[in-house]
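>>> A structural model of the following input is requested.
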Amino acid sequence: MKIDWAALGSVFGTSLVFTVGLVALFTLGINGLTRREKAAAQGGSATLAVTGAYVCFAACAAAVAYGIYLIVAKA
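Coordinates of the predicted model:
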């Protein structure tokens, strides 16, 4: 059995980049919801922060759904 180390490294690098990207996107969504809580405590409105948080969460859900689609489509 011969292992293609270049392909294995490519898969590892790609998965690492996308994992870090998804975590960063989810963190931005959590940060947006935190800003909403701070604005509500101060009597203000944080519509842009909440909209951004929802966009981040939707992008995370779309990326996960696409990953599941790729797994199912190749099976």
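
>>> the spatially most central residue of the chain and residue 60, how far apart?
Centre of the chain computed as the mean C-alpha position; nearest residue by CA atoms, centre = their mean is residue 22, 2.6 Å away. If you measure residue 22 against residue 60 using CB to CB, to the nearest Å, the figure is 6 Å. C-betas here are computed from N, CA, C, even on glycine.

>>> and residue 3, what element?
Under DSSP states H and E, no helix or strand contains residue 3.

>>> where in this protein is pLDDT low?
75 (pLDDT under 70).

>>> if we go to 50?
Along the chain, no part satisfies pLDDT under 50.

>>> mind listing the helices for it?
Applying DSSP state H to the chain gives helices spanning 5-41, 47-74.

>>> angle of the shortest one against helix 5-41?
With axes from the mean of the first three to the mean of the last three CA atoms, to 10 degrees as the criterion, the two stretches helix 47-74 and helix 5-41 enclose an angle of 150 degrees.

>>> and helix 47-74, what's buried?
49-50, 52-53, 56-57, 59-60 (16 or more other CB atoms under 10 Å).

>>> with the first one instead?
Judged by neighbour count (16+ other CB under 10 Å), helix 5-41 contains these buried residues: 25-26, 28-29, 32-33, 35-36.
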